[in-house]
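Student: missing the sequence, but the structure's below:
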């Protein structure tokens, strides 16, 4: 993935040219075919995934089909702060997908070598998490006043 390609990810909008270059150097490319499982619920979460092309279907045993994620979206940012089990299964949708992994190990190297970059990634991931929590709470607050 080129540094220019990283601009399409909302999570990475605050990065400058040098930071995008440094990040692009540590990403690992993974191709996911139609119906192929990228990871399963309960697998160890090994990092942040950037969806560069195609789509992934996300399913959870508890809640069922959660929908699809596509180009420019990310999944797994929480694993950069605290590895644990994956909360859902990701499967290549009809077109498959090309994803790039920022592994937990690669992220730790960024923490050491590019701390400002690592901070920006964590800050954006926390902002996304806060937004998701607010969206999830909106129906509860509306129902209970």
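Tutor: Okay, I see it. Not measured: the values here are computed from a predicted model.

Student: what about the strands in this protein?
Tutor: In the chain, the strands defined using DSSP state E lie at 28-32, 37-39, 47-60, 64-70, 74-75, 89-103.

Student: sheet partners, orientation included, of the first one?
Tutor: Using DSSP bridges, strand 28-32 pairs in its sheet with strand 89-103 (antiparallel).

Student: show me the shaky parts of this protein.
Tutor: Within the chain, the segments meeting pLDDT under 70 span 137-145.

Student: could you redo the last one with a cut-off of 50?
Tutor: Low-confidence segments of the chain, defined by pLDDT under 50: 139-145.

Student: list the helices and strands the longest helix anywhere in it packs on?
Tutor: With secondary structure taken from DSSP state H, the chain has its longest helix at helix 115-144. The contact analysis (3 or more C-beta pairs under 8 Å, 6 or more residues apart in numbering; DSSP states H and E) places helix 115-144 against helix 17-26, helix 104-113. Any C-beta I mention is one placed from the backbone N, CA and C, and that applies to glycine too.

Student: which residues are contacting the first one?
Tutor: Pointing back at helix 17-26 there. 1-7, 12, 15, 102-103, 106, 109-110, 113-114, 116-117, 120-121 (C-beta atoms under 8 Å, 6 or more residues apart in numbering).

Student: circling back to that earlier point, next, the buried residues of the longest helix of the chain.
Tutor: 117, 118, 120, 121, 124, 125 (16 or more other C-beta atoms under 10 Å).

Student: hang on, isn't the fifth one packed against residue 9?
Tutor: So the one you mean is residue 124. No: using C-beta atoms under 8 Å, residue 124 is not in contact with residue 9; the gap is 9.1 Å.

Student: now the longest helix of the chain against strand 47-60, angle please.
Tutor: 20 degrees (axes from the mean of the first three to the mean of the last three C-alpha atoms, to 10 degrees).
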